[in-house]
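Novice: Fold the following and give me the result.
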Amino acid sequence: MGAPLSPDVRFDAALQSLLDEAVSWITARVAPPFALLLLGSAAQGEACGVEIEGRLDALSDLDLGLFIEGPAGEAVRRPLAEGLRAAVRGQVAELGLTRDPIDLGLFSLPYQRRVPPTLELMEAFHRPHLLAGDRGLIELAIPPRPAPFEAWRLVMNRIVETDGKLPAGWGPMPAWRDAYRWAKLPVDLGKAELAAAGILEPSIAAREPDAWTTWRLSPTWPPPTASAADCAARAAGVLQAVGGEMAPGEARYWRAILGAEGGPWRERLRRWREVTRAGGRRVALRWGGRAWPASFAKMGFALAWMQEAGASVGDPDQLRAFLATEIGPLVGFTEGSALELARAFVRRVHEAGLG
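Specialist: Now for the predicted structure:
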């Protein structure tokens, strides 16, 4: 039995058993050199789940990161992930889990050495939870403080995961997945606010406690009241710490924010061409050297959602006009709201397997 993966004793035991099986399966099939790390909330002992009619519903994923020296594209990752899923299917049922919570990420170390690390990887490398393999492989040149852009990336991701839908209220029948999906936004805003100030703190329990962090560590029904306005205001604070004054309708503002993400420009351009296809050549050329398409899509969605929730982040008409010009032709319409345009482009990027 390793370090706790969850504060819930029964859920922790199930995850421990599943993790042992996964590590054995992966290490028997992946040739060295490699490093297999535990990532995410389980690495902090903060994975959570709930009991539903005698079975365990894993709200948190069991995130694994496999770092290799070779390529880590989807053609390499998919067979490995599918094989692992098939290998643990029987054990998932035996443990009484409603789903397989394992999420296997594959990372190419040559590529990771060329790009700024995400918050998730900074957490993993600063406090490595090595499950198997060579620890020396992950001793990369990691900066001591998170890049401000990574705080904004986390906020964008969490806003997109809500799909812009705020529950009007929690009914008497538990909707655990919906509540957990929403909880990740206010909880991780706390992480992002610290990261924007240069502080790395992966543990929920180590941050300033509030109603949502308490619920996230020990879910009960009903959850706290969900406030889009409060979350949007906090998100705006993170964005201002990263990018200064709000001018979301100006291309130069987007270039300044998203250009901080870095990474190889040839790969950015390739992804833009893939997601825009033939009709978006000019857009691909304009943004390929400045931003990743997934981040462009998420930033548009996050800004539009924040404006609809009441945050002061620029002129809504200006943002809508900017998105209509830049991505309207790519999604097939230009007359929708900023949020509708951004949502359509997020889906286009997702369908292309690029984010």
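
Novice: Give me the contact list for the helix or strand hosting residue 348.
Specialist: Assessed by DSSP states H and E, residue 348 sits inside helix 338-351. With contacts defined as C-beta atoms under 8 Å, 6 or more residues apart in numbering, helix 338-351 is touched by 160, 163-164, 275, 293-294, 296-298, 300-301, 303-305, 307-308, 316, 319-320, 323-324, 327-328, 330-334, 336, 355. For the C-beta atoms, the positions are set from N, CA and C on the backbone; glycine is no exception.

Novice: How is this structure divided into domains?
Specialist: For the chain, automatic domain parsing gives the domain ranges 9-138, 148-351.

Novice: now the longest one, how far from the centre of its chain.
Specialist: On the basis of C-alpha atoms, centre = their mean, to the nearest Å, domain 148-351 is displaced by 10 Å from the centre of the chain it belongs to.

Novice: end-to-end on it?
Specialist: This stretch, domain 148-351, spans 29 Å end to end (C-alpha to C-alpha, to the nearest Å).

Novice: now stretch 42-59
Specialist: 11 Å.

Novice: picking up where we left off before, now the buried members of the contacts of helix 338-351.
Specialist: Buried members of the contacts of helix 338-351, scored by 16 or more other C-beta atoms under 10 Å, are 160, 164, 275, 293-294, 296-298, 300-301, 303-305, 307-308, 316, 319-320, 323-324, 327-328, 330-331, 336, 355.

Novice: out of those residues, which are inside helices?
Specialist: 160, 275, 293-294, 296-298, 300-301, 303-305, 307-308, 316, 319-320, 323-324, 328, 330-331 (DSSP state H).

Novice: Distance check, residue 231 against residue 166.
Specialist: For residue 231, the distance to residue 166 equals 9 Å [C-beta to C-beta, to the nearest Å].

Novice: With neighbour numbers in mind, choose between these two.
Specialist: residue 231 (24 against 16; other C-beta atoms under 10 Å).

Novice: Under a three-state scheme, what state does the more buried one occupy?
Specialist: With DSSP: H, G, I helix; E, B strand; the rest coil as the basis, residue 231 sits in helix.

Novice: Next, the contact list for it, please.
Specialist: 185, 186, 189, 309.

Novice: For PyMOL, write the select line for the buried members of the residues you listed.
Specialist: In PyMOL, this line selects whichever of the contacts of residue 231 come out buried by 16+ other C-beta under 10 Å:
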select buried, resi 185+186+189+309
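
Novice: Mind putting the contacts of residue 231 into a markdown table with distance to residue 154 and secondary structure?
Specialist: A markdown table is the format used below for the contacts of residue 231 (distance: C-beta to C-beta, whole Å; DSSP: H, G, I helix; E, B strand; the rest coil):
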| residue | distance to residue 154 | secondary structure |
| --- | --- | --- |
| 185 | 10 | helix |
| 186 | 12 | helix |
| 189 | 8 | helix |
| 309 | 18 | coil |
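
Novice: Just to be sure, residue 93 is in a helix?
Specialist: Yes - per three-state DSSP, residue 93 lies within a helix segment.

Novice: Near it, how many other residues are there?
Specialist: Neighbours of residue 93 using other C-beta under 10 Å come to 12.

Novice: And it, how close does it get to residue 56?
Specialist: 11 Å.

Novice: what is in contact with residue 231 and residue 166 at once?
Specialist: Common contacts of residue 231 and residue 166 (C-beta under 8 Å, 6+ apart): residue 309.

Novice: hey, least reliable of the domains of the chain by pLDDT?
Specialist: Across the domains of the chain, domain 148-351 has the smallest mean pLDDT, namely a mean of 90.
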